[in-house]
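Undergrad: coordinates only, sequence not included:
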């Protein structure tokens, strides 16, 4: 602990309340009159003052300075010694003060210090008890009973100290584990929040790039076609009409780009669908809009986790988007198979290809790579100029379900 233990931040308030109950009983016992002067306190005021000071010391425990801890414990021992020295009926509660001392030491000392305070408390109790033994000669039978009682008291007190020590160690260990778990959960929450923010930022960047590459290009061309048509309309209406027709086609293409972007941003593309069904729908939509022949060979079961299904779908979707934009391909082959428990995804096209030394850092390729690595898989690209492109994803069996 980095700060002193006070009433408002005491780790175990019920222990503090128990201390007050024991000390209150000791004070009341020393104040009440007793018919026999043999059991009366010689200095009840000093005994009560010692008990009050001992109780008030429990409201603030040092935890960060070793010297302060030692001085604090020495003062507690001195107050206990004063209470026991002047005896009286408060001495009946004398062993409980040692239990309070051991309890407090567990809150301020590490394990070696706790053991030292416990051993010292037992030794001091033992020496004080021996000094109280009667000096007068007693009958043998009375001596035997007294010895048995004394040994029993020593044994019970020693076991009580050990029990208190073990109990406090257990409570402190559990509390420390809970604090460490809380810290770990908070770090995990912060990490998840950063990941979420990063994912949001990446998605925004992807949408911005897609708008710039597709929609922005289409709208720019559309604007040029309309400007040309406006200029030609007075002098050459037929030529202007052809530019307007081209502008309409560009407007339709821009609208389709917007629809494709909205479709891509769906948060649950596999909702209420199997992976096979989702890929089939994606393939039909791709062929309809691009005219590229798409062949799918899917040999998977429906036991894959939603995380794996979503990753596979997004990787295929991003690959087809890249093919439609850049590859100039006429055919795409997609194959998914389970081999020795691992999932193998191969996407291959017959397009113009590219130099993998220069064109593997795009957002789409990086997104596919990140999704694969998040599942502990391997991502590979094989392409050459004029030789098409092949993307291979290999996900281990341990991450499939």
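TA: Thanks, I have the structure now. Quantities reported herein were computed from a predicted structural model and do not represent experimental measurements.
Undergrad: what segments of the stretch 201-350 of the chain are strands?
TA: Taking DSSP state E, counting those that start in this stretch to define them, one finds strands in the stretch 201-350 of the chain at 293-299, 331-339, 342-349.
Undergrad: how many residues are close by residue 190?
TA: By the measure other CB atoms under 10 Å, the count of residues near residue 190 is 10. Backbone N, C-alpha and C define where each C-beta goes, glycine included.
Undergrad: how is the protein divided into domains?
TA: Annotated domains of the chain cover 5-187, 273-401 [automatic domain parsing].
Undergrad: in CSV, list the ones you listed along with distance to residue 208.
TA: As requested, the domains of the chain are exported to CSV (distance: least, CB to CB, whole Å):
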stretch, distance to residue 208
domain 5-187, 31
domain 273-401, 10
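Undergrad: which of these sits most buried?
TA: Greatest average neighbour count among these goes to domain 273-401 (a mean of 16), per mean count of other CB atoms under 10 Å.
Undergrad: gap between that domain and the chain center?
TA: Relative to its parent chain, domain 273-401 has a centroid offset of 33 Å by CA atoms, centre = their mean, to the nearest Å.
Undergrad: also stretch 56-68?
TA: Taking mean C-alpha positions (CA atoms, centre = their mean), stretch 56-68 and its chain are 32 Å apart.
Undergrad: ends of it, what's the gap?
TA: 16 Å (CA to CA, to the nearest Å).
Undergrad: tell me how far residue 121 lies from residue 273.
TA: 71 Å (CB to CB, to the nearest Å).
Undergrad: same thing with residue 391?
TA: 23 Å.
Undergrad: so where is the stretch 51-200 of the chain shaky, pLDDT-wise?
TA: Scanning the stretch 51-200 of the chain for pLDDT under 70 picks out the ranges 85-94, 131-138, 143.
Undergrad: any idea what residue 334 is bridged to?
TA: residue 296, residue 347 (DSSP bridges).
Undergrad: thinking it is in contact with residue 346, fair?
TA: Yes. The criterion here is CB atoms under 8 Å, and residue 334 meets it with residue 346 at 7.4 Å.
Undergrad: verify the contact between residue 350 and residue 295 for me.
TA: No. Between residue 350 and residue 295 there is no contact under CB under 8 Å: 11.3 Å.
Undergrad: shared neighbours, these two?
TA: Common neighbours of residue 350 and residue 295, counting by CB atoms under 8 Å, 6 or more residues apart in numbering, are 331-332.
Undergrad: residues contacting the nearest residue to residue 232 once chain neighbours are set aside?
TA: Nearest in space to residue 232, with sequence neighbours left out and distances taken as CB to CB, 6 or more residues apart in numbering, is residue 240 at 4.0 Å. Residues near residue 240 by CB under 8 Å, 6+ apart: 228-233.
Undergrad: let's see which of the residues you listed end up in helices.
TA: Counting by DSSP state H, the members of the contacts of residue 240 that fall within helices are 228-232.
Undergrad: can you turn the buried part of these into a ChimeraX selection?
TA: Here is the ChimeraX command that picks out the buried ones among the ones in helices among the contacts of residue 240, judged by 16 or more other CB atoms under 10 Å:
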select :228,229,232
